[in-house]
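[1] Build me a model:
(chains A, B, C and D)
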There are 2 protein chains.
Amino acid sequence: MLKISKKADYALMALQHIASVQFGDITPGRVVNTKEIAEEYNIPLELLAKVLQVLSKNGLIESHNGPKGGYLLARSAGQITIAQILESIEGPLGITDCSHEKEGEFCMQRDHCNIRTPLLKVQDSIAQLLNNMTLEDMLGGTPLITIQSPSAQGVER
Amino acid sequence: MLKISKKADYALMALQHIASVQFGDITPGRVVNTKEIAEEYNIPLELLAKVLQVLSKNGLIESHNGPKGGYLLARSAGQITIAQILESIEGPLGITDCSHEKEGEFCMQRDHCNIRTPLLKVQDSIAQLLNNMTLEDMLGGTPLITIQSPSAQGVER
DNA sequence: ATGATCTCCGATCAATATGGTCGGACTAAG
DNA sequence: CTTAGTCCGACCATATTGATCGGAGATCAT
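    I've put the predicted structure just below:
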């Protein structure tokens, strides 16, 4: 339960990769294209492309067209939260259907609903959790990808 | 994103209702049947029935067959956690596909995966949150349902 | 300047999971 | 023994997700 979609998974992997390349010590500032990521992580190329499109559209990354083109983080890794990434792909956080009810629309159970308040509390807790975690935290937490470079030039955050 | 299924919603509503009846001051220990819950909360009868079957099968509630039959909480409200309820309906908690990988099966991205560890951390936090919240907490948080028929115990509305 | 190639982009199709429904089996009261 | 009421298990329709295809735009090499 509460499984996030594959697309969201791919988005996280891709952004982590872009961040590690862009802010790494090997080739800082390098532009990275879709194909590179897809091959590195065995992600279907076209699907990943679509995911990156959405991230670009939502202002998380910048796209550069043409040969030698690719993607670039729109802001620093510390300024991109997990919540922002997931919401870009899967839409706003909502444990229940009635989380974002507009004025005038109610779920069929609303009038006698007994679980709305406590569930919203749970939702807030999760939101807080995801908002306090950034891409930078992900870089530090796990061993970074290591591109085949014989001179292992210490990769750190 | 991270939306829980309707069935899980219904399960929570039903259990909250059963608990509030069983441990309430009006008719303590009363058995409550599917129809009563379905009508009270406008839930499709047959679907709710299926949900309750699963809860019964998983040992959260006890079923009593025949006329005057119905369901009863298997243990006290304080001993039933939200996590147990949700997992009964939607299966074990798993943010990612690789959360419960058996020995020998790996996702296609596993060898270079860079997000597994941090995501598992997030998952643990959510699990802790859901495990620390019980049905009893839900009873206290919201105004209890009020059956509007002090005289007749039976058909209303 | 121009061609060609490489990139991103939008619309389309299949697979899975969910929401919802139907008829049968059992139990216990009258 | 009859009968009404309950739980139970298998079935179908729909919606969301996963994956795919061809086209438009931009940059570099000639």
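[2] which residues sit in contact with A:His100?
    A:92, A:94 (Cβ atoms under 8 Å, 6 or more residues apart in numbering or on different chains). Where C-beta positions appear, they are placed from N, C-alpha and C, glycine not excepted.
[3] next one: A:Gly78
    Neighbours of A:Gly78 in contact, by Cβ under 8 Å, 6+ apart: A:134-136.
[4] for DNA strand C, what are the nearby residues on chain A?
    Within reach of DNA strand C by Cβ under 7 Å from any atom of the strand, chain A has these residues: A:33-35, A:46, A:49-50, A:52-53, A:56-57, A:63-67, A:69-71.
[5] Tell me where chain A has strands.
    A:61-64, A:70-73 (DSSP state E).
[6] Throw the ones you listed into JSON lines and include mean neighbour count, thanks.
    Below are these laid out as JSON lines (neighbours: other Cβ atoms under 10 Å in any protein chain shown):
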{"stretch": "strand A:61-64", "mean neighbour count": "17"}
{"stretch": "strand A:70-73", "mean neighbour count": "20"}
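[7] quick one, which of those strands is nearest to A:Ser5?
    With Cβ to Cβ as the measure, strand A:61-64 is the member of these nearest A:Ser5 (18.6 Å).
[8] same for that closest one, what does it pack against?
    Packing contacts for strand A:61-64, counted by 3 or more Cβ pairs under 8 Å, 6 or more residues apart in numbering or on different chains; DSSP states H and E, involve helix A:45-57, strand A:70-73.
[9] Quick one: mean pLDDT for it?
    Averaged across strand A:61-64, pLDDT comes to 89.
[10] what does stretch A:22-37 give?
    87.
[11] Going by neighbour count, which residues in it are buried?
    For stretch A:22-37, a neighbour-count test (16 or more other Cβ atoms under 10 Å in any protein chain shown) marks A:22-24, A:31-34, A:36-37 as buried.
[12] One more: stretch A:123-130?
    A:123, A:126-127, A:129-130.
[13] do the same with stretch A:67-86
    Quick answer for stretch A:67-86 (16+ other Cβ under 10 Å): A:70-73, A:77, A:80-86.
[14] Just the mean pLDDT for that stretch, thanks.
    92.
[15] anything in that stretch near DNA strand D?
    Yes. Against DNA strand D, stretch A:67-86 shows contacts by Cβ under 7 Å from any atom of the strand at A:67-69.
[16] In CSV: those residues, plus distance to A:Met13.
    Shown next, in CSV, are these (distance: Cβ to Cβ, whole Å):
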residue, distance to A:Met13
A:Pro67, 25
A:Lys68, 23
A:Gly69, 20
